[in-house]
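A.B. asks: Give me the fold of what follows.
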Amino acid sequence: YQDSAINMINKIKKETSLQRYDLKKLSNTKYRVLLGPFSDIKKLEEAFNEIKLLKFENLEILKNV
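C.D. replies: Below is the predicted model of the structure:
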């Protein structure tokens with residue numbers, strides 16, 4: 001839901017150093033929070049480790065979204 005996605009972005013802003021994020025609407029009720037783009041695998045790994053500490057239920061690595 002949109003509210004959940006916005007809450008997720010706010011938590012990312014508050015509790016991580018990540019600054020590149022986007023909110024995509026998938027349907028009337030489904031939203032996806034995207035991070036990136038990342039210039040190399042090391043930066044992706046660092047971001048993943050920061051997000052992992054927030055204990056979100058579902059984390060996926062997507063390419064070319």
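A.B. asks: which stretches of the chain aren't confidently modelled?
C.D. replies: Counting by pLDDT under 70, the chain has no low-confidence residues at all.
A.B. asks: longest helix anywhere in it?
C.D. replies: Looking only at the chain and at elements set by DSSP state H, the helix with the highest residue count is helix 2-15.
A.B. asks: residues in contact with that one?
C.D. replies: The contact list for helix 2-15, computed with Cβ atoms under 8 Å, 6 or more residues apart in numbering, reads 18, 21, 23, 25, 31, 32, 33, 35, 51, 53, 54, 56. Just so you know, the C-beta spots here come from the backbone N, C-alpha and C atoms, and that holds for glycine as well.
A.B. asks: Could you look up the SS state of the residue of the chain most remote from its centre?
C.D. replies: Relative to the centre of the chain, and counting by Cα atoms, centre = their mean, the farthest-placed residue is residue 28 at 19.6 Å. Of the three states, residue 28 takes coil under DSSP: H, G, I helix; E, B strand; the rest coil.
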